[in-house]
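S.K.: sequence plus predicted model, see below.
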Amino acid sequence: SGTVSGAVVMRTGPGGIEGTGRVRVRDVVWQGERVDEATAAFVAREDRAVFTDLAARGPALALAGELEVDIASRRATLGIDTGSVELGELAHVGALAAEFDARLDVAGELHLTPESVVGTLAIRGDGWTWGERAIPPLRGALRFDDGGAHVDLSSRDSDAWKLVGEAGWDDGVPLDLTLTLDRFGVDVIRDPDAPSVWARLTGAFRMTGPAADPGALVVDGTLSEATVRAGTRTLRVADPLPVRFERGQFSLGPATFSGRGSDLDLGCTFDAETGLADVRVGGVVDLGVLTAMVPDATASGRMEVDLRVSGRPEALETTGSARLSGGRLRFLGFPQAFESIGFEVEIEDNEARIRDMHALLGGGELRGVGGVLLDGFGLDSYRLELAGANVMVAYPEDFRAVYEGEVVLRGDAHAAELGGRMHMLRGEYTQEM
C-alpha cells in the first residue's frame, strides 16, 4: 500500500528503458516498519534505477543516503550515510523497548531482496534513559544475513557492559542475547541534596524468547560480584547472586550481603503483569548504612531487622520490625554524640513506631518515643521526642552546662533540626584572657 508522486521523464534507449526525475513515496510499510514519506532524485538506465539524495522518515526510522535497484532481479543496495532508529517505536520490538527513551544513530550498507536483508550497520547511541535513569553511551554493529541480525554492542567509553547475540527473522523476532557486566555502576539512590547510594555489578545474563512478546522472554544469569556503597559503608554479596525472569516473573536472590557490622539476607520478586514487587530483608545491619541517606549524620551500631517492602513501585508499603542496642549517632555542627542508643521498632503501613528508646548524652540519660515515615526503601521524615536528666552539653563554644528537660529531634532526607525546652541546672563559661 502507499502512494507515489513526482515528475519522471522516461524513454527507450540503446540499453533499454531510461529516465530521470524526482519521486515521493508516502505511507508505505517496509520490513514491517512504517515509512511516512521518502523522497529522492531518480535516474534509470539499463534496467537499473538509482535513487540519490534519498531521505526517508517514519515513526521509528529516519535516514539519508542512496538506493540502487536492479529491476530485473528485484535486488537493491541501500547505502545509509546518516540514519536514526527510535527503539520504542519499532513495530517488532517496541513493546520490549517501551520503557526506554532510546535512539540509535546508524550508518552502513544493506543489500535487500524481497526475502532478506544482508549487510552491516555501525551503531552509536547517546543520551539514553530508562525511566529517570541515564544509560551510558554505546557503540557497536548490527550484521544482517539470511538468519537474522547479529548483535555486537558495548559501552562506548569503557568495558562496563557488552551485549552480543542474535535476533531472528521468524515471527515474533526470536532473541538469543547475552549481556555481560564488568564492574558496571548503578545509582541506587541519586539525590543532589543527600548522600548517594550506588552499586557496582559484575555478572552475565542470557535472554531468549520473542522480542514481540516481552512476557514470554526468559532471562537467566548470575551476579558474581555485587557491591553496594551507602555513604562510607560497603556491603558485598557473599555468594553468586542468581537473577531470573520468566513468564513475567522476576526474581533476585536469595543472597547475603556482608560488610563491617552487617550481614543481611535479601530476596526480591517482581510481577511484570501486575507491577507488584516483594522485597524481604532480614539479619543485622550497621546503623551507618541506614543513616547514609540522612545528610550531616554519622552513626554506628548493629541493628537487627526483619523487613518486607511490597506493592507497586510508586506506592511501596513497608512492614516489619527492628531492634538496636549500643548504637552511636552524631550530627554535624553538634559537638557531642548520642551514645549507647537502644530502641525497638514496629513498622506497619510505612510508619515506624519507636518505643523504649534510650541513649546517653554528656553523661546523662535520654529516654523517649518517636516515629519515622518511610517512602519505600527511603526516608520521608522522622520525629523523636526525648526527655533528659543530668545531660551535660558543651554548646556553644567555651560554655558547658548540665540540663534536664525535653527535646524534639525531627527532620527528613534533606535536613535535621533539634529543639525543645531544657532547664539548666548549672553552667560554666571558660575562656582564656
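M.R.: Structure's in. What do you need?
S.K.: which residues are in contact with the residue lying closest to Pro210 once chain neighbours are set aside?
M.R.: Spatially, and ignoring its direct neighbours in sequence, Pro210 is nearest to Gly172 (3.3 Å; CB to CB, 6 or more residues apart in numbering). From N, CA and C alone the C-beta is placed, and that goes for glycine too. With contact set as CB atoms under 8 Å, 6 or more residues apart in numbering, Gly172 has these partners: 210-213.
S.K.: in strands, which of the residues you listed fall?
M.R.: Pro210 (DSSP state E).
S.K.: which one of the contacts of Gly172 sits closest to Val164?
M.R.: Ala211 (15.7 Å; CB to CB).
S.K.: buried stuff in the helix or strand that contains Thr120?
M.R.: Taking DSSP states H and E as the definition, Thr120 sits inside strand 117-125. If you call a residue buried by 16 or more other CB atoms under 10 Å, then strand 117-125 has these buried ones: 117, 119-121, 123-125.
S.K.: in CSV, list the contacts of Gly172 along with distance to Arg183.
M.R.: CSV is the format used below for the contacts of Gly172 (distance: CB to CB, whole Å):
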residue, distance to Arg183
Pro210, 32
Ala211, 28
Ala212, 33
Asp213, 33
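S.K.: and the furthest pair within the contacts of Gly172?
M.R.: Comparing the members of those, the greatest separation, given CB to CB, is between Ala211 and Asp213, at 7.8 Å.
S.K.: so what sits opposite the closest residue to Arg48 other than its chain neighbours in the bridge?
M.R.: Among residues not flanking Arg48 along the chain, Asp70 sits closest, at 5.8 Å (CB to CB, 6+ apart). Beta-bridge partners recorded for Asp70 (DSSP bridges): Arg48, Arg75.
S.K.: ok, now Val402?
M.R.: Residues in a beta bridge with Val402, per DSSP bridges, are Met392, Arg426.
S.K.: circling back to that earlier point, is it true that the residue nearest to Pro210 lies in a strand?
M.R.: No - Gly172: not assigned to a strand; according to DSSP: H, G, I helix; E, B strand; the rest coil it is coil.
S.K.: Ala211 and Asp213: which has the busier surroundings?
M.R.: The neighbour comparison of Ala211 against Asp213 (other CB atoms under 10 Å) goes to Ala211, with 22 against 12.
S.K.: pLDDT averaged over the helix or strand containing Leu235, what's the number?
M.R.: Taking DSSP H and E as the definition, Leu235 sits inside strand 233-237. Taken as a whole, strand 233-237 has an average pLDDT of 90.
S.K.: also stretch 289-308?
M.R.: Mean pLDDT, stretch 289-308: 82.
S.K.: looking at the contacts of Gly172, spot the one nearest Phe331.
M.R.: Within the contacts of Gly172, the smallest distance to Phe331 is 51.7 Å, found for Ala211 (CB to CB).
S.K.: after the worst-scoring helix or strand of the chain on mean pLDDT, next one along is what?
M.R.: Least confident helix or strand of the chain, by mean pLDDT, DSSP states H and E, is strand 100-101 with a mean of 62. Next along the chain after strand 100-101, taking DSSP H and E as the criterion, comes strand 103-112.
S.K.: please save the CA atoms from that next one in PDB.
M.R.: This file holds the C-alpha atoms of strand 103-112, laid out as PDB (Å, rounded to 0.1, in the frame of the first residue of the first chain):
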ATOM      1  CA  ARG A 103      17.700   6.400  19.800                       C
ATOM      2  CA  LEU A 104      20.400   4.700  17.700                       C
ATOM      3  CA  ASP A 105      22.400   6.500  15.100                       C
ATOM      4  CA  VAL A 106      23.300   4.200  12.200                       C
ATOM      5  CA  ALA A 107      25.400   4.200   9.100                       C
ATOM      6  CA  GLY A 108      26.400   1.400   6.600                       C
ATOM      7  CA  GLU A 109      25.200  -0.600   3.600                       C
ATOM      8  CA  LEU A 110      22.400  -3.100   3.200                       C
ATOM      9  CA  HIS A 111      21.700  -5.500   0.300                       C
ATOM     10  CA  LEU A 112      18.000  -6.100   0.000                       C
END
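S.K.: relative orientation of that strand and strand 117-125 in degrees?
M.R.: With axes from the mean of the first three to the mean of the last three CA atoms, to 10 degrees as the basis, strand 103-112 and strand 117-125 are set at 170 degrees to each other.
S.K.: given strand 103-112, what are its sheet partners and their directions?
M.R.: Here, using DSSP bridges, strand 103-112 pairs with strand 75-86 (antiparallel), strand 117-125 (antiparallel).
S.K.: for Gly165, which of those is the nearest?
M.R.: Distance to Gly165, taken as CB to CB, is lowest for strand 117-125 among the strands paired with strand 103-112, at 14.1 Å.
S.K.: show the average pLDDT along that closest one.
M.R.: 92.
S.K.: residues making contact with it?
M.R.: If you take CB under 8 Å, 6+ apart as the criterion, strand 117-125 is touched by 31, 78, 80, 102-111, 137-146, 153, 156.
S.K.: change it to 6 Å
M.R.: 104-111, 138-145 (CB atoms under 6 Å, 6 or more residues apart in numbering).
S.K.: could you list every residue that touches Thr318?
M.R.: With CB under 6 Å, 6+ apart, Thr318 has these contacts: 309, 347, 350, 374.
S.K.: distance check, the third one against Leu316.
M.R.: So that's Asn350. Noted for Asn350: a distance of 8 Å to Leu316, by CB to CB, to the nearest Å.
S.K.: can you name the helix or strand that Leu264 falls in?
M.R.: strand 262-271.
S.K.: same check on Ala149?
M.R.: Element membership for Ala149, per DSSP H and E: strand 148-155.
S.K.: now that strand against strand 103-112, angle please.
M.R.: 150 degrees.
S.K.: and the contacts of the helix or strand just after strand 148-155?
M.R.: Once the chain leaves strand 148-155, the next helix or strand it forms, by DSSP H and E, is strand 161-168. If you take CB under 6 Å, 6+ apart as the criterion, strand 161-168 is touched by 148-155, 173-181, 184.
S.K.: just the buried members of these?
M.R.: Listed as buried from the contacts of strand 161-168 are 148-149, 151, 153-155, 173-175, 177, 179-181, 184; burial here means 16+ other CB under 10 Å.
S.K.: any chance of a markdown table for those, columns pLDDT and distance to Glu86?
M.R.: Listed next are these as a markdown table, based on pLDDT from 0 to 100; distance: CB to CB, whole Å:
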| residue | pLDDT | distance to Glu86 |
| --- | --- | --- |
| Gly148 | 88 | 21 |
| Ala149 | 90 | 17 |
| Val151 | 92 | 18 |
| Leu153 | 91 | 17 |
| Ser154 | 92 | 21 |
| Ser155 | 89 | 21 |
| Val173 | 84 | 17 |
| Pro174 | 92 | 22 |
| Leu175 | 92 | 19 |
| Leu177 | 96 | 20 |
| Leu179 | 95 | 22 |
| Thr180 | 96 | 26 |
| Leu181 | 94 | 26 |
| Phe184 | 90 | 25 |
